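*Asks:* below: sequence and its predicted model.
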Amino acid sequence: MPAGSDGAGVVLVTVAVLVAAVVLGCALALAWLYRRLGLQRGQLRKALTQLAHSEQEARDANELLLAKQGVERAFAELSTYMQGIDQHALVSVTDAEGRILKVNDKFVQTTGHGREELLGRDHSLLNSGYHDHAFFERMWTTIQRGEIWRDVVCNRNEADGLYWVDMAIVPQKDAAGQVLRYIAVCVDITEQRRQEDALHYRATHDALTELPNRTLLLERMARTIARARSRQRPVAVYFVNLNRFKQINDSLGRGAGDQVLSEMARRLQDEARGGDTVARLAGDEFVVVCDGLPRSMVEPFGARLHTALQAPVLLSGEPHVLGGSVGVALFPDHGDEPEMLVKRADLAMEQSKNRTDRGVCIFSNEMQDAIDVRVQKEARLRDAIVRRELVLHYQPQVDFETGALVSLEALVRWDSPDYGFLMPGKFIGLAEESGLIGAIDTYVVDAACRQMQQWHQQGHGWIRTAVNLAATKFSDPHFKTELHEAMARYGIPPGVLELEVTESLAMRDPDAALVLMHELKELGILLSVDDFGTGYSNLGYLKRFPADRLKVDQSFVRGLLKNPQDRAIVAAVVRLAHNLNMRAIAEGVESEDEAILLYALDVDEIQGYWMARPQSAEAVEKLFDQPLLLDPAAFLQREALPVVLLVEDEAITRELLEHILQSFGVRVASAASAEEAMEMFHQHDYAIAIVDHWLPGSSGLELLREIRKRMPHTARVLMTASNDPQVLRDAINIGGVAHFLAKPIDPAVLRNVVHDACWNTAAQRRRTPPPPPG
C-alpha cells in the first residue's frame, strides 16, 4: 500500500503543522500549509484515479479496497483541514499582476466587500493609508523574486473601519520558475493589536494625567532632536516643578494632590503649541519640549508656562495658590542628548527656586560647574567618614539654679583637607540629599559614646551628652541595635546618652514615635523634644511622650527682647514643660539680657554663645573643673537693678550715655527711634525713660505720651537743646515729664535726675494699691 501509506504520512505531518498554525495564529505557516494542502489534495485525486484503473487488474480485491479507503480518508481529512484554514484565515489568490482570482468566505466577511466586487481588483481596494509607499515597494520586490513575504498590515474594510492582519504572501511558480500566482493568507489580529496598543499606551503614558511619561518623552525627544539637527533649528526643553505640591498633598490628601496634578497638566497643554510634547516625569515634575521655537521666544514662552501655574486651584471650594518654577535648556547650545537636556533643564529649574522672582531660568555652564563641584564634594564627604575627618564639638548646657555645667550637646564638624573646617550647614544638606546622613549619624553616636568613655576614664565621671540625629535615622530598622551596640561597646550607663527628637519628627507619626521613644527609654537613653514650638503639636500625644526635656527653639529666644509674642510663647512652653514633668532648656542664648529674661521666665537650663561656643573635646574639658559657669546670685542682683529706657538717635551720644548710666549701677535698654522703643515696652518694668526731643519718625513728645499711657509708673525725662517755653509746656502737658536734661548732658546732673527718678518711682509703686483679686 505505498500510495495509502504515503497519504497517511502526509496527513500526519500536515495535521501537526495545521495545529501549530491555528494555535499560534501564524499566517506564514497557514500560507505554506494552504499551498501544501492544495498540492496534496491534487496528489490524492491522482492516487484515486490510479486506483480506479488498477482495480480491474488487482489480484487481491480486498487489499485494493483497503488502499482505496485509506486514500479516500486522507482526502476527506485534508478537505476538513482546508475548511479549518478557511474558518481561521483570510485567503486570497491573485495572478502575477496582483489581480484577485479567488477569495474565501473569511476574506469576504472581514473586508465587507462582496466576492464579485473583489474579483479582478487588486488589494489597493483595502489600502488604509497607514503604510507608506516604501512599505509596498518592499513587498513587491520580495514576492516578485519568488520569495515569501510576511508583515503586519493595517487595512480598511468596506465600512471604513481599520483592521489589522498578520499577512504572508507565498508565490506559486511554474516548472520554469516563473511566478504564476500569489497566495495571501492573513490572520486577523485586530483584537490582539488593540490589547497590545493599550498595554503600550499604559507603559508610555502617565495613568493620572494621560501625558507621555519619561520613556515616551525620551523617545520623542530623540526623534525631535534628530529632525532638528537635519533642519538646523533649535529645540527648547522646559522643566516645570510645582512649588507647594507636597504641602497640599500632605495636608489635604492624595485626592487633592491628584486634582492639582490633573489641573496643572491641563494648563501646560493649553499653553503648548501644536506639535509640542508635554510630559509628566514623576511626582510634581513636568517637561515641555518645543521644536523649532525661535530663540527670541524661549523666555516669553517659559514666562507663559510660569504664569499658568500661578492661578489658584479650587480644592473643595477653597482657592489654593501653588505656583511653580521653570528651567529651560536648549539644543544644540546645552547638549544633544535627551537625558542631558532634561537634566540641565532640571538644574536651571532648581536655580530658579533660589531667585527672588522665581521666574524662568535658562541653563548656563556655570550651573553645571556648580553641580560638578557638588558631586566632587559628595565623594569627598563619603571618604571623610572613612578617614575620620568628621569631628565633634561640644556646647555646654548650664543649670540656672546651680550655675553648674549639667550636660553637653555634641555637634558635628567636617575638618576637611580640601575645604577647610566646615560647619554643619555646609555639608549636612548634601549628606541628606546623597543618602550619607545615615552613615554620619552612626559615626556621631559612636564618636560621642567613645568620648564619654574617655572622659570617664580620665576621672571626670559620666558627662551627659546629647546628640542630634536626622529624621531618617529614627525610621532605620537597625537604629536601636546600633545604639545598643555602641552603648555596650563603650560601657555607657543609663541616663548618660541623650537623643534630641524634633517636634516635627515626633508629630509626623505620633503613634510610631511613642513606641520608639519607649523602646529608647528601655535602653536607658534620655530624650528631649527639640525645636519645640516651630511645628504643629498634638498636646494629647505630647503628654504621653516619655521625654525628659523640652527645648525652646532659638528662633523664639532671638525675638525675646523685641517681640512680646515670642516672650509669651517662651513663657507658655516653660509652663507646659513643668506641667508635664519635663525640664525646660533654651538654646541660642547670645546676650546677658536674654539670659536675665529667661531666668525671670523660670527656664531651667540655657545653652548658647553667651556662655560658651561649641568647642573641641580638649577645650571643653577645661570647663569640667570650674564649679560654676554662671552665678545665679548675679541674676538675682541684676534683676533687682532699676532699668533705664534710653532713646537717642545719634549713635555716639547714645553709647556715651549708656556708659555713664551703667556707671550709676542701673541697667540700660537703648533704642534709636520712638518706634524701636515702643517695641521694647514689654521687655522690662522700666524705672525711667530718658527720651531725646528730636527723633526720626515719631517725635520724642509723641513717645513720652505713649509711655505715660502704657507705663504710668515710669519716670519720664526729656533731653533737649531747645529753650523754647512751648516745648517745655508741651512736654509737661502731653508727656507728663518730671525732669528736663539740657544738651550737652552734664553727668552730675544726669546722676541726680536718675537718683531722684528711681526713688520717686519706687515710692510711687509702694503707694500703689494691689489690683483687686480675680
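*Replies:* Looks like it came in fine.
*Asks:* can you give me the end-to-end distance of stretch 598-605?
*Replies:* Distance across stretch 598-605, first residue to last, is 9 Å (C-alpha to C-alpha, to the nearest Å).
*Asks:* same thing with stretch 284-298?
*Replies:* 22 Å.
*Asks:* burial measure for the closest residue to Phe479 other than its chain neighbours, as a count.
*Replies:* Excluding the flanking residues, the one nearest Phe479 by C-beta to C-beta, 6 or more residues apart in numbering is Lys473, at 5.8 Å. Any C-beta I mention is one placed from the backbone N, CA and C, and that applies to glycine too. Around Lys473 there are 20 other residues, counting by other C-beta atoms under 10 Å.
*Asks:* cool, and Ala488?
*Replies:* Burial of Ala488 is recorded as 11 neighbouring residues (other C-beta under 10 Å).
*Asks:* state the distance from it to Cys449.
*Replies:* 10 Å (C-beta to C-beta, to the nearest Å).
*Asks:* worst-scoring helix or strand of the protein, pLDDT-wise?
*Replies:* Using mean pLDDT, DSSP states H and E, helix 2-24 stands out as the lowest-scoring helix or strand of the chain, at a mean of 38.
*Asks:* flag every buried residue along the helix or strand where Glu658 lies.
*Replies:* When elements are assigned from DSSP states H and E, Glu658 belongs to helix 651-662. Across helix 651-662, burial judged by 16 or more other C-beta atoms under 10 Å covers Thr653, Arg654, Leu657, Glu658, Leu661.
*Asks:* and that helix, what does it pack onto?
*Replies:* Helix 651-662 sits against strand 643-647, strand 667-671, helix 747-767, with contacts defined as 3 or more C-beta pairs under 8 Å, 6 or more residues apart in numbering; DSSP states H and E.
*Asks:* pick the most deeply packed of these.
*Replies:* Neighbour counts (mean count of other C-beta atoms under 10 Å) averaged over each of the helices and strands packed on helix 651-662 peak at strand 643-647, with a mean of 24.
*Asks:* what sits up against it?
*Replies:* Strand 643-647 has contacts (C-beta atoms under 8 Å, 6 or more residues apart in numbering) with 654, 657-658, 661, 666-674, 677, 680, 684-692, 695, 700, 703, 707, 714, 754.
*Asks:* which intervals of the stretch 401-550 of the chain have sub-threshold pLDDT?
*Replies:* 503-509, 531, 533-541 (pLDDT under 70).
*Asks:* do a quick rundown of the helices in it.
*Replies:* Under the criterion DSSP state H, counting those that start in this stretch, the stretch 401-550 of the chain carries helices at the ranges 428-434, 437-457, 471-474, 479-490, 503-508, 510-522, 539-542.
*Asks:* redo these as CSV? Include distance to Leu560.
*Replies:* Formatted as CSV, the helices of the stretch 401-550 of the chain follow (distance: least, C-beta to C-beta, whole Å):
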stretch, distance to Leu560
helix 428-434, 27
helix 437-457, 30
helix 471-474, 28
helix 479-490, 35
helix 503-508, 19
helix 510-522, 29
helix 539-542, 23
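*Asks:* so for Val589, which of those sits nearest?
*Replies:* helix 503-508 (19.6 Å; C-beta to C-beta).
*Asks:* the domain parsing of this protein - what is it?
*Replies:* Listed by automatic domain parsing, the domain ranges of the chain are 1-88, 92-204, 210-363, 389-634, 641-767.
*Asks:* so which of those domains gets nearest Ile371?
*Replies:* Closest to Ile371 of the domains of the chain is domain 210-363 (C-beta to C-beta; 6.1 Å).
*Asks:* would you mind giving the domains of the chain as CSV with distance to Asp372 added?
*Replies:* Formatted as CSV, these follow (distance: least, C-beta to C-beta, whole Å):
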stretch, distance to Asp372
domain 1-88, 54
domain 92-204, 33
domain 210-363, 11
domain 389-634, 14
domain 641-767, 47
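*Asks:* of all these, which one is nearest Val373?
*Replies:* Here domain 389-634 is closest among the domains of the chain (C-beta to C-beta), at 10.3 Å.
*Asks:* sorry, back to before: do you know which of the helices of the stretch 401-550 of the chain lies nearest Gly98?
*Replies:* Proximity to Gly98, assessed across the helices of the stretch 401-550 of the chain by C-beta to C-beta, is greatest for helix 428-434 (65.1 Å).
*Asks:* can I get that closest one in CSV, CA atoms only?
*Replies:* Presented in CSV, the C-alpha positions along helix 428-434 are these (Å, rounded to 0.1, in the frame of the first residue of the first chain):
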residue,chain,number,x,y,z
ILE,A,428,24.5,68.2,56.2
GLY,A,429,22.2,69.2,53.3
LEU,A,430,24.5,67.4,50.9
ALA,A,431,24.6,64.4,53.2
GLU,A,432,20.8,64.2,53.3
GLU,A,433,20.4,64.5,49.5
SER,A,434,23.1,61.9,48.8
